[in-house]
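J.: Predicted model, plus sequence, below.
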Amino acid sequence: MKSKKIAVILGSLRMDSLNRKMAKALMAVSPGSLSLEILEIGELQMYNQDMDETPPGAWTEFRDRLKGFDGLLFVTPEYNRSVPGVLKNAIDVGSRPYGKNSWDGKPGAVFSVSPGHIGGFGANHHLRQSLVFLNVPVMAQPEAYFGDAGQLFDDHGHLQTESSRDFLRNFMIAFSEWVMRNTTL
């Protein structure tokens, strides 16, 4: 069976962010049924409907690339009990112009990572609300809120505990099964 191509969308732009480290850790334990690739969002200009007639090249490239993926894995921090503006902008760019939603029908999962104790719970659920509207079937279980994330990684960006790796591995197995059930061959 051919592996399913998954876009990993990061809510943080920092190259050394906890979320980028988590995305790489998730990619490392992912089953062979998934092929994961980080889809960068930092170059997307702020969405403005006036620009839809002649969209910036970065918008067109993002929308086209997004259409080539079978599923979506969002890894995000929490800013003010919601998702970072850069992630919301990517969602808006990918869902427009009206009637041309590039996210449509792609199975997804949300993984929130935070140095705080509640692990980005607010961002996780706020993102899920947007994804429901965009017709992204989001995996309900297992939920993934990683709090106190500053303690998870060593100086080289590797997870420090086997229990964390086990959780990530089980999450990715469940996500693979979710993607397989919610995509066509």
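T.: Received the coordinates, thanks. Numbers count the residues shown, from 1 in each chain.
J.: Share the number of residues neighbouring residue 79, please.
T.: 18 (other CB atoms under 10 Å). For every residue, glycine as well, the C-beta is placed using N, CA and C.
J.: which residues does it contact?
T.: Counting by CB atoms under 8 Å, 6 or more residues apart in numbering, residue 79 touches 85, 123.
J.: Show the backbone phi and psi for it.
T.: Recorded main-chain torsions at residue 79 are phi -120, psi 120, according to degrees, to the nearest 10.
J.: Could you do the one 3 residues further on as well?
T.: Backbone torsions of residue 82, given as degrees, to the nearest 10, read phi -150, psi -170.
J.: now it: how far from residue 121?
T.: Distance, residue 82 to residue 121, by CB to CB, to the nearest Å: 11 Å.
J.: can you give me the helices for the protein?
T.: All helices of the chain, identified by DSSP state H, fall at 18-29, 57-67, 85-95, 121-133, 162-181.
J.: Can you check which of the ones you listed gets nearest to residue 7?
T.: Distance to residue 7, taken as CB to CB, is lowest for helix 57-67 among the helices of the chain, at 6.4 Å.
J.: bridging residues for the spatially most central residue of the chain?
T.: For the chain, residue 74 is the residue whose C-alpha lies nearest the centre (CA atoms, centre = their mean; 1.3 Å). For residue 74, the residues forming beta bridges with it (DSSP bridges) are residue 9, residue 110.
J.: Correct me if wrong: it contacts residue 9.
T.: Yes. Contact criterion CB atoms under 8 Å: residue 74 and residue 9 qualify, at 5.0 Å.
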